[in-house]
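A.B. asks: Task: produce atomic coordinates for the following.
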Amino acid sequence: MLSRGALIILLCLNVAAALWWGLHAPSHAAALPATEPGVPGLTLLAEAEPDALPASAELAVAPTLMDAAMACLSVGPFDTPSALRRAVDVLGASVGKLQYREAQIQSSRGWRVYVPAAATRGDALAKARALAGQGIRDYYVVTAGPGENTVSLGLFREQKNAEARLAEVKALGIEAVMEAASEDRPQWWLEIAVAADYDWRTPLGAGNWQARPIPCF
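C.D. replies: Now for the predicted structure:
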């Protein structure tokens, strides 16, 4: 009996729901304006009329026009990275193209005096002890590199000081030699493309600058 009552109640609920959906009129929300009053709407680029778009736009800064006859130069040398950076800063805005090139050059370090290389490190140490026995104090045994097993007697900036040192040790009967000392160091050049009459020297200021013609890049 109880189940029959529950079935009748469920059937009544289904009928009521069907009647509500059938007779219910959905409410229509008011359409909102596309924009605020007085604010123009957006137009997609694809929807714009062709005549509404400018044929060309004016650049904020006019480009520098280079002469048809251009000169390409290698300017320098610059001995330090800071000198190179300054040159890039002062020339970069006024040249057509700019790049830099690094080169290795030999730089003089003065003169060195030394006892030639021994056959072994033990022989080199024996030569050093002999020097000490004759009153020579400023020396050291080179243990690696191109001058391995030589005994260095000093590196001198002035040639006359190196010659005096050589004479001193030779007077003691010590075989020694003197030679110019050098080292590899970097040097930089700026490669620029400019109008043939461009004055690159004035922006760089005072200095021993050179300019070499190079093929344009």
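A.B. asks: count of residues packed around residue 96?
C.D. replies: Counted with other Cβ atoms under 10 Å, residues neighbouring residue 96 total 17. All C-beta atoms are positioned from the backbone trio N, CA, C, and that covers glycine.
A.B. asks: Low-confidence regions, the chain specifically.
C.D. replies: The chain contains residues with pLDDT under 70 at 1-7, 11-12, 15-68.
A.B. asks: residue boundaries of the helices in it?
C.D. replies: Assigned by DSSP state H, the helices in the chain fall at 2-23, 81-91, 121-133, 159-170, 201-204.
A.B. asks: looking at these, which is closest to residue 151?
C.D. replies: Of all the helices of the chain, helix 121-133 sits nearest to residue 151, with 5.4 Å by Cβ to Cβ.
A.B. asks: quick one: contacts for the nearest residue to residue 97 once chain neighbours are set aside?
C.D. replies: Leaving aside its sequence neighbours, residue 97 sits nearest to residue 193 (Cβ to Cβ, 6 or more residues apart in numbering; 4.0 Å). Listed by Cβ atoms under 8 Å, 6 or more residues apart in numbering, the contact set of residue 193 reads 66, 70, 71, 72, 95, 96, 97, 98, 216, 217.
A.B. asks: before we move on, back to that, could you dump the helices of the chain into TSV with distance to residue 212 and mean neighbour count added?
C.D. replies: Shown next, in TSV, are these (distance: least, Cβ to Cβ, whole Å; neighbours: other Cβ atoms under 10 Å):
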stretch	distance to residue 212	mean neighbour count
helix 2-23	92	9
helix 81-91	15	15
helix 121-133	46	14
helix 159-170	31	16
helix 201-204	14	13
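A.B. asks: Distance to residue 181 added to these, as TSV?
C.D. replies: Rendered in TSV, the data for the helices of the chain read as follows (distance: least, Cβ to Cβ, whole Å):
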stretch	distance to residue 181
helix 2-23	104
helix 81-91	24
helix 121-133	19
helix 159-170	9
helix 201-204	32
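A.B. asks: Scan the contacts of residue 193 and report the most crowded one.
C.D. replies: Using other Cβ under 10 Å as the neighbour test, these are led by residue 95, with 22 neighbours.
A.B. asks: Excluding chain neighbours, what is closest to that one?
C.D. replies: Leaving aside its sequence neighbours, residue 95 sits nearest to residue 192 (Cβ to Cβ, 6+ apart; 4.5 Å).
A.B. asks: now swap in residue 125 and tell me
C.D. replies: Once flanking residues are discounted, residue 125 sits nearest to residue 141: 6.0 Å by Cβ to Cβ, 6+ apart.
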